[in-house]
Structure formats: structure tokens, C-alpha cells
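Chemist: Have a look; sequence and predicted model below, questions after that.
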Amino acid sequence: MSSTGHLILAAEWLGRTGETWKTFEVVIQLGAILAVVWMYRELFLSVARGLGRTEPSRKFVLNLLVGFLPAAVVGLAARDFIKAHLFTGNSVAWGLILGAIYILVIERLHPATTVESAEAIPLRTAFGVGIAQILALFPGFSRSGATIMSAYALGCSRRLRRSSRSSLRCR
């Protein structure tokens, strides 16, 4: 579930506070981010090279922006409230519980798959995933869980593939 939520709980249980602990949290999260960047490096480079030249690359970036904006806007607007009231052990525990329930409910619904490849994700689906990511502003509610399960609920395959023609590649 939520790595940030687990770090908040660990800090509270271990009585860790201060700048040293915050540095530890950043470093440990950075490792996960770098792993994702490394895993998808070819895709990122391909999209960057094709951004001004290929429609699939432009669509990919547009979907990323549309998926990012809802949580960014709400997060910026509610930042002070979230920091002041939600970074506690109790709220994180509730976030973990609600995130688990969210996953279980979507799994139980077993939505029909209508999107098989990353290139075929409609803009409205990207926006729906972005709306669902607002849930992850609640500490303890996993951002990746909200993203993956919402995409699944909106018809994306569990295993989105790149099209066989690699249309995101710059030729």
C-alpha cells in the first residue's frame, strides 16, 4: 500500500522526527522513483524524441498532463489543510484501510476491459484516473493503488501493452 503512509506510521511509532528523518524519507522514496525511471527509460526517451513529431507521443504526454492536473490542483489548494490535519497515525491508518477497501471493491466488480494498449487510452480515461488520484492526497491511500485500480475500473487492461508497431517510437 502507501509507502508514504508507512513511513509516517514508522516515524510515529519510532518517535522519529526532525530533518534527519525527513532526509531519510526523501532518500528512500527517491530509490523507488529512480527504479521506475530506469525501468521505463526507453519509453521516456522515445516519447521525448517523438514529442514534436509523432501524434502518439503528443497524446501520451497530453494523457499524462490530464491525469496529473486534478490531483495537482486539489493538492495545491488543500496543501495547508492536508499537512495540518492528515499527517497523523490515525488518519494514515484510515487511509490504508480505505485504500484496501477501494481495491477490494473494484476487484469484486471485475470491470470489462475496453482498452488494451497504452496508446489507446482515451483522454476521458486519463482524466478519470487523475480524479481518482485525488484520493491519494489522503496520506496512507496509495497513489499507485488509486492509479492502477482506477484505470482498471475505467476499462484498462490489467496489462496495458505497447502496440506491436511501437508507435511511440520516433522513427
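Modeler: Now that the structure is in, tell me what you want to look at. Numbering: from 1, shown residues only.
Chemist: hang on, isn't Glu12 packed against Asn90?
Modeler: No: in terms of Cβ atoms under 8 Å, Glu12 does not count as a neighbour of Asn90; the distance is 9.6 Å. Heads up, the C-betas are built off the backbone N, CA and C, glycines and all.
Chemist: out of the two, which sits in the more crowded spot?
Modeler: The neighbour comparison of Glu12 against Asn90 (other Cβ atoms under 10 Å) goes to Glu12, with 15 against 10.
Chemist: Could you check how far that one is from Trp21?
Modeler: Glu12 sits 11 Å away from Trp21, going by Cβ to Cβ, to the nearest Å.
Chemist: ranges for the strands of this protein?
Modeler: In the chain, the strands defined using DSSP state E lie at 115-117, 156-161.
Chemist: got the ones you listed as TSV, with mean neighbour count and mean pLDDT columns?
Modeler: Formatted as TSV, the strands of the chain follow (neighbours: other Cβ atoms under 10 Å; pLDDT from 0 to 100):
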stretch	mean neighbour count	mean pLDDT
strand 115-117	16	89
strand 156-161	14	82
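Chemist: who wins for proximity to Gly5 among those?
Modeler: Gly5 lies closest, by Cβ to Cβ, to one member of the strands of the chain: strand 156-161, at 23.8 Å.
Chemist: Parallel or antiparallel, which strands does that closest one pair with?
Modeler: Using DSSP bridges, the strands paired with strand 156-161 are strand 115-117 (parallel).
Chemist: Looking at the strands of the chain, which is nearest to Ile103?
Modeler: strand 156-161 (12.7 Å).
Chemist: average model confidence for stretch 81-101?
Modeler: On average, the pLDDT along stretch 81-101 is 90.
Chemist: Return the residues in contact with Phe44.
Modeler: Applying Cβ atoms under 8 Å, 6 or more residues apart in numbering, we find Phe44 in contact with Val37.
Chemist: how far away is it from Ser117?
Modeler: Counting by Cβ to Cβ - Phe44 and Ser117 are separated by 17 Å.
Chemist: show me what contacts the nearest residue to Trp13 once chain neighbours are set aside?
Modeler: Distances taken as Cβ to Cβ, 6 or more residues apart in numbering place Gly89 nearest to Trp13, at 7.7 Å, with adjacent residues excluded. By Cβ under 8 Å, 6+ apart, Gly89 lies in contact with 8-9, 12-13.
Chemist: And for Phe68?
Modeler: 130, 133 are the contacts of Phe68 under Cβ under 8 Å, 6+ apart.
Chemist: now the helices for this structure?
Modeler: 3-14, 18-39, 41-50, 55-85, 89-109, 123-132, 143-153 (DSSP state H).
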